[in-house]
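Engineer: Please work out how this folds:
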Amino acid sequence: MPSILHASHIEKYFGNKGNVTKAIDDLSFDVEKGDFVGIMGPSGSGKTTLLNCISTIDTVTTGNITINGQDITKLKKKHLEKFRRDELGFIFQDFNLLDTLTAFENIALALTIQGEKPSNIASKVQTTAEKLEISSVLNKFPYEMSGGQKQRVASARAIVTNPSLVLADEPTGALDSKSSRLLLESFEKLNQDLKTTILMVTHDAFTASYANRILFIKDGQIFNELVKGTDTRKEFFNKIMEVVTLLGGDADDVF
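Structural biologist: Just a heads-up that it's a prediction; the model follows:
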């Protein structure tokens, strides 16, 4: 399978000469097309910095990040904006929906910004909503929806443009257990049925167990990697917890 994301020897420093912090330390990895990768690590491990660099919100100090054949570390600002709009989908912990727009309008906005023909927008929104089982809330405003519904609307907005890579930052962090499960089952379905490529940062082992592969980050480096393979989700969860134990403490302490 071709690589959608290739990170090569990336490093990220913060501070000045007198006080330098290395947030990412010579880190390399690949995400293949159709993969579902989770990133876990202790607070301060570099996982959020890594996601910010991949999402083009921040830049690496050295090294290269290639997404769908384009080296984003070499793109100028005006090209980065287009790249971000066309190639990436974002799912945030706090939903980031516009309160004055309905669910339909929030999803459609992503297509409008991308320059999609108005005649195609309605059908694309409807099709995506059906995949995420949110057709019933398309005419509702965010304040009329549950947290789980809002997050699935945010997910629909992220995938409706058919991006090369969907980046999810703690997507279940603001959800109860039932809403979390429904969202993760939606992610699993998108990944398996549509081959959507997902890179997800999470502190939660249950959430991570829905991924196909987990990268554990510690001190800016890859500490360990797990591949789900033929394991059941429960078996994979148990393996994730074993790595959490190696890092020290239980999930709540470490992550």
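Engineer: Give me the residues contacting the lengthiest helix in the chain.
Structural biologist: In the chain, with assignment by DSSP state H, the single longest helix is helix 177-194. With contacts defined as Cβ atoms under 8 Å, 6 or more residues apart in numbering, helix 177-194 is touched by 34, 36, 131-133, 146-148, 151-152, 155, 159, 168, 171-172, 175, 196-198, 200, 206-207, 210, 212. For the C-beta atoms, the positions are set from N, CA and C on the backbone; glycine is no exception.
Engineer: Look at residue 200 and tell me its secondary structure.
Structural biologist: strand (DSSP: H, G, I helix; E, B strand; the rest coil).
Engineer: cool, and residue 229?
Structural biologist: coil.
Engineer: That one and residue 213, how far apart?
Structural biologist: 9 Å (Cβ to Cβ, to the nearest Å).
Engineer: what's stretch 51-63 in contact with?
Structural biologist: For stretch 51-63, using Cβ under 8 Å, 6+ apart, the contacting residues are 5, 7-13, 24, 26-28, 39, 49, 65, 67, 72-73, 75, 80, 83-84, 88, 90, 165, 167, 169, 199, 201.
Engineer: In helices, which of the residues you listed appear?
Structural biologist: Counting by DSSP H, the contacts of stretch 51-63 place 49, 80, 83-84 in helices.
Engineer: among these, which two are most distant?
Structural biologist: Farthest pair in the ones in helices among the contacts of stretch 51-63 (Cβ to Cβ) is 49 and 83. Separation: 19.6 Å.
Engineer: Neighbour count for the two, which is higher?
Structural biologist: Applying other Cβ atoms under 10 Å to residue 49 and residue 83 shows that residue 49 carries more neighbours, namely 21 against 17.
Engineer: That one reaches residue 25, doesn't it?
Structural biologist: No: Residue 49 lies out of contact with residue 25 (Cβ atoms under 8 Å); the separation is 10.8 Å.
Engineer: Quick check: neighbours shared by those two?
Structural biologist: In contact with both residue 49 and residue 25: residue 220, using Cβ under 8 Å, 6+ apart.
Engineer: And residue 76, how close does it get to residue 219?
Structural biologist: 32 Å.
Engineer: So between those two, which is more surrounded?
Structural biologist: residue 219 (14 against 7).
Engineer: residue contacts, that one?
Structural biologist: So residue 219 contacts 25, 45-46 (Cβ under 8 Å, 6+ apart).
Engineer: now, which of these sits nearest residue 244?
Structural biologist: Nearest to residue 244 out of the contacts of residue 219 is residue 45 (Cβ to Cβ; 12.4 Å).
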